[in-house]
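1. Here is the input, now give the coordinates:
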Amino acid sequence: MTIWEALAVCAAGVAAGAINAVVGSGSLITFPTLVAVGVDPVVANVSNNVGLVPGSFTGAYGYREELKGQRDRLVRLGVASCLGSVLGGLLLLSLDPGVFQVVVPVLIAAACVLVVVQPRLSARLAAGRPHADSHGGVTLWLGVFGAGVYGGYFGAAQGVLLIGLLGSFLSEHLQRVNAAKNVLSLIVNSTAAVLFVLIAEIDWWAVLAVAVGATAGGFVGARLGRRIPAPVLRGVIVAVGVVAIVKLVYG
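-> This next block holds a predicted model:
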């Protein structure tokens, strides 16, 4: 990787870190950039995941105020994210990359619909469950597990999936949902990164370039994201989800 290629990857990392903190889908920027500079697609996917971990941490840290009071919930859901990520990482290293080609866009589209209808859906769910589980119940746990599988496998737009799920099953403000999403995404990315470091081929120069950019981007994204009104944030999430679908379907 030349110095100019490294700078391009680093710049992509800044954008990805910021987008991941606000919504998710930063991999749609860094992954194609790595492939464009000559990194093998599977190695690029693995290296990208490892490189985005510092950005996931800074994004989650930037939302620390919105995370207050969510520890028990995130411990429970974090287990689902961790287990799902391990399974997704193993699938990445063992299955044909085209296996999720049809399923993934459908999942993202469903998540976008959940984000749009989330306020009404949350109210209906709460009305039907006057003593609702503050952790979201078994259904949310399984949904987060599924999002973890997807995140460990590829990761792009896992934030959209998580926001759709969390926002629908939890009676929380969208910014607190986004904060929880950042922590769960961090767990997914970190778990997959450990797995990849142990058993996969990694381009460490690519990891370094992505990590430097994503770390800075995570801070920037968290500062901006916390100031976005809920309706606007909801619109941004849906827009990113649509772009993700187009990108994954049409390349």
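2. pLDDT below threshold where in the stretch 51-200 of the chain?
-> 97-101, 103-104, 107-108, 111, 114-115, 118-119, 121-134 (pLDDT under 70).
3. run the last query once more with 80
-> Scanning the stretch 51-200 of the chain for pLDDT under 80 picks out 95-136, 154-157, 171.
4. quick one, helices of it?
-> All helices of the stretch 51-200 of the chain, identified by DSSP state H, counting those that start in this stretch, fall at 53-62, 71-94, 103-128, 137-153, 158-169, 174-199.
5. Any idea how many residues pack against the residue lying closest to Ala200 once chain neighbours are set aside?
-> Using Cβ to Cβ, 6 or more residues apart in numbering and skipping residues adjacent in sequence, the residue nearest Ala200 is Val46, 4.8 Å away. To be clear about C-beta, it is placed using only N, CA and C from the backbone, and glycine gets the same treatment. The number of residues packed near Val46 is 27, by other Cβ atoms under 10 Å.
6. shouldn't Val46 be in contact with Glu201?
-> Yes - assessed by Cβ atoms under 8 Å, Val46 is found in contact with Glu201 at 7.0 Å.
7. Okay, Asp72 and His135: tell me how far apart.
-> 7 Å (Cβ to Cβ, to the nearest Å).
8. again, but for Leu166
-> According to Cβ to Cβ, Leu166 and His135 sit 11 Å apart.
9. who's more crowded, these two?
-> Counting neighbours by other Cβ under 10 Å for Leu166 and for His135 shows that Leu166 has the greater number, 27 against 17.
10. I'd assumed Leu140 was in contact with the more buried one.
-> Yes - with contacts counted by Cβ under 8 Å, Leu166 reaches Leu140, the gap being 7.3 Å.
11. quick one, what contacts the residue nearest to Ala200?
-> Residues in contact with Val46, defined by Cβ atoms under 8 Å, 6 or more residues apart in numbering, are Leu92, Phe196, Ala200, Glu201, Ile202.
12. number of nearby residues for the last one?
-> This points to Ile202. Neighbours of Ile202 under the rule other Cβ under 10 Å: 16.
13. Next, it: secondary structure please.
-> Following DSSP: H, G, I helix; E, B strand; the rest coil, Ile202 is assigned to coil.
14. Can you check what pLDDT the model gives the nearest residue to it once chain neighbours are set aside?
-> Nearest non-adjacent residue to Ile202, counting by Cβ to Cβ, 6+ apart: Ser47, 5.3 Å away. Here, the pLDDT recorded for Ser47 equals 93.
15. Ser47 touches Val39, doesn't it?
-> Yes - the pair formed by Ser47 and Val39 meets the contact definition of Cβ under 8 Å, at 6.7 Å.
16. and the helix or strand harbouring Leu233, what does it pack onto?
-> Assessed by DSSP states H and E, Leu233 sits inside helix 230-250. Judged by 3 or more Cβ pairs under 8 Å, 6 or more residues apart in numbering; DSSP states H and E, the packing partners of helix 230-250 are helix 3-22, helix 27-36, helix 103-128, helix 158-169, helix 174-199.
17. wait, what's in contact with Gly137?
-> Counted by Cβ under 8 Å, 6+ apart, Gly137 has contacts Phe169.
18. Roughly how far does it sit from Val53?
-> The value you get for Gly137 to Val53, if Cβ to Cβ is used, is 29 Å.
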